[in-house]
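Chemist: how would this look folded up:
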Amino acid sequence: MTCDVIIIGAGASGLAAALKCARGGLSVTVIEKEILPGRKILVSGNGRCNFTNASVSPAKYYGDKDFITAALDKFSYKDCLDFFKELGLLYVCEDGRYFPVTGKASSVSGSLSAAAREAGANFVFKAQARGVKYSGGLYNVLCSDGNSYSSKYLILACGSLAYPQAGGSESGYELARAFGHKITALSPALCSVNLKESAVSRLAGLKVYAKVTLKEDCEEGEIVFGARGVSGNNILSLSRNAKAGDKIFIDFLPQFSAAEFDEFIKLRRQKFAARRIKDFFEGILADGVANLLIDFLGIKKNAAVSDLKDDIFARIIKTIKGWPFTVESLRPWKEACAAAGGVDTQQVEAGTFRSKLSRGLYITGELLNVDGRCGGFNLHFAWTSGICAAEAIIKEQACGKFNNKKN
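Modeler: Numbering: from 1, shown residues only. Now for the predicted structure:
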């Protein structure tokens, strides 16, 4: 079975590439090991699919900034909105994050896969690509179903190790290695963080708005306490740089600057001098946080505010504005929404996603050493890479020759 383009993987970048290539007049075969397309799309954004963000910029990504910039310059968040609008998808915006108006991630994957089929793309499901060889100007892909497929162009859109229950695996890295591509160190990204302090379990189930700082990076938003640690969009965004032993500082009242909060507490002490300390935090801290804070600082719950010395309140202020917790570990791959690390982008052409090592080979999406913060940034990069790769192939095919001279 021979076609112009074989795409291994029917995830975000694979579907975008399939649609663009098929609409560009190329014959396309998409090989997918799962039973349906877009498995990770379906679970993204808690099943709602935050597919892009008004704040898309290189600053929201980890990796080679020049490589990332070259891609985003070709496909902005407005381009993304136009792309999905043309597919018939209606969307809503929540604080810069875009979701399908249906509230269902299936609307995003369904719009893409339906359009790709209508354009002529052929999908082969439940077929694992076991190996790829390049011979006679063609890529030959041998699949687990016993069939083999050949094409002039090959796009590796296999995804990362993250979320294996939705198809994440090492298969893409292995295929890329076969053509000489280097894989940088892999670790979970966009995942919850286990904390060393066992007392955090007392806050399990609690959601609070806070600012979180890890090393020199910080994020503000809702965090969720669990039995062993913390989650939430800001935690997920910072997790990729968290290592065991690192300190995470949580500011429980980020609306105040340090000086403003110092003055606020000073006035509050005067106003509520007759209160017991356990009642002093009513209205400003969740009960669980207040009780844990009192125990953490070794204060008697029934102590009167007026009896507490300045040094105690100095510690209260310092802790509320930057409570230190210790990273024990990241949650496992099955709970990670993305991967840090991947195919080294130094071996991939910026803006086209063309391999510098094997002509006609393109590498897209999560497989690359590019990952974004929480908020639709990873999906945006996936669409971008798939579309850019497809445009490069269409242009190359129109020229009637390969631009990359290496085999």
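Chemist: next, the buried residues of stretch 77-97.
Modeler: 77, 79, 80, 81, 83, 84, 87, 89, 91, 97 (16 or more other CB atoms under 10 Å). Backbone N, C-alpha and C define where each C-beta goes, glycine included.
Chemist: which pair in the residues you listed spans the largest distance?
Modeler: Greatest spacing in the buried residues of stretch 77-97, by CB to CB: 87 and 97 (19.0 Å).
Chemist: isn't residue 113 up against residue 10?
Modeler: Yes. Counting by CB atoms under 8 Å, residue 113 touches residue 10, with 7.4 Å between them.
Chemist: need the overlap of contacts for those two.
Modeler: 37, 38, 123 (CB atoms under 8 Å, 6 or more residues apart in numbering).
Chemist: give me the pLDDT for the first one.
Modeler: If I follow you right, that is residue 37. The score at residue 37 is 95. That number is its pLDDT.
Chemist: need the phi and psi values for it.
Modeler: phi -80, psi 160 (degrees, to the nearest 10).
Chemist: count of neighbours near residue 320?
Modeler: Residue neighbour count, defined by other CB atoms under 10 Å, stands at 21 for residue 320.
Chemist: scratch that, residue 216 is what I was asking about
Modeler: Residues near residue 216, counting by other CB under 10 Å: 6.
Chemist: which residues in the stretch 201-350 of the chain form helices?
Modeler: For the stretch 201-350 of the chain, helices defined by DSSP state H, counting those that start in this stretch occupy the ranges 233-239, 258-271, 277-280, 287-296, 310-320.
Chemist: of all these, which one comes closest to residue 57?
Modeler: Taking the helices of the stretch 201-350 of the chain one by one with CB to CB, helix 233-239 is closest: 14.2 Å.
Chemist: residues in contact with the closest one?
Modeler: 188-193, 210-212, 214, 217-224, 248, 330, 337, 373-375.
Chemist: of those, just the buried ones, ChimeraX syntax please.
Modeler: The ChimeraX command for the buried members of those (criterion: 16+ other CB under 10 Å) is given here:
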select :188,189,190,191,192,193,210,211,212,214,219,221,223,224,248,330,337,373,374,375
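Chemist: in strands, which of the contacts of helix 233-239 fall?
Modeler: Secondary structure from DSSP state E places 188-189, 193, 210-212, 214, 217-224, 248, 330 of these in strands.
Chemist: for the closest residue to residue 127 other than its chain neighbours, grab the count of nearby residues.
Modeler: In space, residue 127 comes closest to residue 143 once its chain neighbours are excluded; the distance is 4.2 Å by CB to CB, 6 or more residues apart in numbering. By other CB under 10 Å, the residues close to residue 143 number 18.
Chemist: does residue 219 really touch residue 210, like I thought?
Modeler: No. Here residue 219 lies out of contact with residue 210, judged by CB under 8 Å, at a distance of 9.5 Å.
Chemist: alpha carbons only: can I get stretch 172-188 in PDB?
Modeler: Output in PDB follows, covering the C-alpha atoms of stretch 172-188 (Å, rounded to 0.1, in the frame of the first residue of the first chain):
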ATOM      1  CA  GLY A 172       7.900   7.200  18.800                       C
ATOM      2  CA  TYR A 173      11.200   7.700  20.500                       C
ATOM      3  CA  GLU A 174      12.300   4.200  19.300                       C
ATOM      4  CA  LEU A 175      11.300   5.100  15.700                       C
ATOM      5  CA  ALA A 176      13.100   8.400  15.800                       C
ATOM      6  CA  ARG A 177      16.300   6.700  17.300                       C
ATOM      7  CA  ALA A 178      16.300   4.300  14.300                       C
ATOM      8  CA  PHE A 179      17.000   7.300  12.100                       C
ATOM      9  CA  GLY A 180      19.800   8.600  14.300                       C
ATOM     10  CA  HIS A 181      17.800  11.100  16.300                       C
ATOM     11  CA  LYS A 182      18.900  11.900  19.900                       C
ATOM     12  CA  ILE A 183      16.300  11.700  22.700                       C
ATOM     13  CA  THR A 184      16.900  14.100  25.500                       C
ATOM     14  CA  ALA A 185      16.200  13.100  29.100                       C
ATOM     15  CA  LEU A 186      12.500  12.300  29.700                       C
ATOM     16  CA  SER A 187      10.500  13.200  32.800                       C
ATOM     17  CA  PRO A 188       6.800  13.800  33.700                       C
END
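Chemist: pLDDT on that stretch, on average?
Modeler: On average, stretch 172-188 scores 96.
Chemist: what's the answer for stretch 254-265, then?
Modeler: Averaged across stretch 254-265, the pLDDT comes to 97.
Chemist: where exactly do the helices run in the stretch 1-150 of the chain?
Modeler: 12-23, 39-43, 65-72, 77-86, 106-118.
Chemist: out of those helices, deepest packed?
Modeler: Mean neighbour count (mean count of other CB atoms under 10 Å) peaks for helix 12-23 among the helices of the stretch 1-150 of the chain, with a mean of 29.
Chemist: check which helices and strands it sits against.
Modeler: Secondary-structure packing of helix 12-23 (3 or more CB pairs under 8 Å, 6 or more residues apart in numbering; DSSP states H and E): strand 2-8, strand 28-31, helix 39-43, helix 106-118, helix 377-399.
Chemist: include distance to residue 326 when you put these into CSV, please.
Modeler: Shown next, in CSV, are those (distance: least, CB to CB, whole Å):
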stretch, distance to residue 326
strand 2-8, 41
strand 28-31, 45
helix 39-43, 30
helix 106-118, 38
helix 377-399, 28
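Chemist: which of these comes out lowest on mean pLDDT?
Modeler: Mean pLDDT is lowest for helix 39-43 among the helices and strands packed on helix 12-23, at a mean of 93.
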